[in-house]
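J.: Structure, please.
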Amino acid sequence: MKSLAIMICCAIAFILMAVQAQAEEKECVQRGEWINSNVYEDNAFVLAFDKLGRGVLNTAFGVVEIPKQIVKRANDTGCASGYISGIFVGTGYFLLREMAGIYEIVTFPIPVPGHYAPVIDPLLGYRPDNIE
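T.: A predicted model of the protein is given here:
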């Protein structure tokens, strides 16, 4: 009986959030623009699930930081020691990205930090417009 009451309360809360999000939604997406927190400033529902998506991606693909940092450090230093230091730097970024992902998953319904802003940027360690 308690579980049924909890499910009904969750369903009502979800419906109220959806109604509020739909009422606040503002049409500001332009063709060809990335969908991110900067586009949907006034829609708390979309921003919350954007934060959840960032958290899942950071948690699932945080390990990509290790090979990325190995290659980056080797290119920056121009010698083999960059491969060794890249392992350690990449492991640090991997742990940072994993912790940020878990934090965003746990706190996705709460507008912290500042209106659902990303904790760590860029998503997946690079921006599509500045790939080296």
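
J.: how about low-confidence regions in this protein?
T.: Where the chain drops to pLDDT under 70, the residues are 5, 7, 9-11, 13-42, 123-132.

J.: for the longest helix along it, packing partners?
T.: Longest helix of the chain, by residue count under DSSP state H: helix 81-106. The helices and strands touching helix 81-106, judged by 3 or more C-beta pairs under 8 Å, 6 or more residues apart in numbering; DSSP states H and E, are helix 44-61, helix 65-77. For every residue, glycine as well, the C-beta is placed using N, CA and C.

J.: Relative to residue 108, which of those is closest?
T.: helix 44-61 (4.0 Å; C-beta to C-beta).

J.: buried stuff in that closest one?
T.: Buried residues in helix 44-61, counted by 16 or more other C-beta atoms under 10 Å: 44-48, 50-52, 54-55, 58-59, 61.

J.: Share the number of residues neighbouring residue 64, please.
T.: Residue 64 sits with 16 neighbouring residues when counted by other C-beta atoms under 10 Å.

J.: so how far is residue 116 from it?
T.: Separation of residue 64 from residue 116 (C-beta to C-beta, to the nearest Å): 23 Å.

J.: now do residue 49
T.: Counting by C-beta to C-beta, the gap from residue 49 to residue 116 is 9 Å.

J.: joint contacts of these two?
T.: Common contacts of residue 49 and residue 116 (C-beta atoms under 8 Å, 6 or more residues apart in numbering): none found.

J.: follow-up on the earlier one: put together CSV for the buried residues of helix 44-61, with distance to residue 87 on each row.
T.: Putting the buried residues of helix 44-61 into CSV (distance: C-beta to C-beta, whole Å) gives the following:
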residue, distance to residue 87
44, 41
45, 41
46, 38
47, 36
48, 36
50, 32
51, 30
52, 31
54, 26
55, 25
58, 20
59, 21
61, 18
